[in-house]
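K.L.:
Predicted model and sequence below, questions to follow.
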Amino acid sequence: KIIGVLPAENEVIPGLRRQKIGDYIVKPSDIDEIVEVTLDEALQGIVDVAKSSGLLVGISSGATVAALKKLNENEKITIIIFPDDLFKYMSILKSQILKGVKH
C-alpha cells in the first residue's frame, strides 16, 4: 500500500504543501490512501521519533509518523521514508514546541 500525507485542510505545515499530488515519483493512481495531519500532530511525531530513536527528523517526517499513528497498522511491516531533518526548522519548532507539544 502506498499512503500519501498532506496537511489537514486550513493547516500550514512548513515543508509540506497541500496540493494536488503530481506524478513526480509516484503516479496518483498508485496511491492507495491520503492521510491528513495537523501541525501539532506533525510536531508530536518529531518528539516521538526523537524519544524513541534519537533521530532528529523534520516536520515532513513528523507528519509521516503522525499519519502512521492514525492508520494504527500495528501488526503490519511498514516502511516510512523520512524526507527531512530537524535542523532547517529549528526556529519554527522552538516556538511551536514551547506552545505545548507533549514532552
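P.N.:
Received it, and whenever you're ready, just let me know what you need. Every value quoted in this text rests on a predicted model; they were computed, and no experiment measured them.
K.L.:
When you work out contacts or count neighbours from here on, use the C-alpha atoms and nothing else.
P.N.:
Noted.
K.L.:
Tell me the spacing between the most centrally placed residue in the chain and Ser29.
P.N.:
By C-alpha atoms, centre = their mean, the chain has its centre lying nearest to Ala63, at 1.2 Å. Ala63 sits at a distance of 22 Å from Ser29 (criterion: C-alpha to C-alpha, to the nearest Å).
K.L.:
got it, and Asn72?
P.N.:
Taken as C-alpha to C-alpha, the span from Asn72 to Ser29 is 23 Å.
K.L.:
now swap in Val57 and tell me
P.N.:
Per C-alpha to C-alpha, Val57 is found 28 Å from Ser29.
K.L.:
Neighbour count for those two, which is higher?
P.N.:
Under the criterion of other C-alpha atoms under 10 Å, the comparison of Val57 against Ser29 puts Val57 first, with 21 against 7.
K.L.:
Now for the closest residue to that one other than its chain neighbours: which residues touch it?
P.N.:
The spatially closest residue to Val57, leaving aside those adjacent along the chain, is Asp85, at 4.1 Å (C-alpha to C-alpha, 6 or more residues apart in numbering). Asp85 makes contact with Leu56, Val57, Gly58, Ile59, Ser61, according to C-alpha atoms under 8 Å, 6 or more residues apart in numbering.
K.L.:
Of those, grab the buried ones for PyMOL.
P.N.:
Buried residues among these (16 or more other C-alpha atoms under 10 Å), as a PyMOL selection:
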select buried, resi 56+57+58+59+61
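K.L.:
got the contacts of Asp85 as JSON lines, with distance to Glu41 and pLDDT columns?
P.N.:
Output for the contacts of Asp85, formatted as JSON lines (distance: C-alpha to C-alpha, whole Å; pLDDT from 0 to 100):
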{"residue": "Leu56", "distance to Glu41": "16", "pLDDT": "90"}
{"residue": "Val57", "distance to Glu41": "14", "pLDDT": "92"}
{"residue": "Gly58", "distance to Glu41": "13", "pLDDT": "90"}
{"residue": "Ile59", "distance to Glu41": "10", "pLDDT": "89"}
{"residue": "Ser61", "distance to Glu41": "11", "pLDDT": "92"}
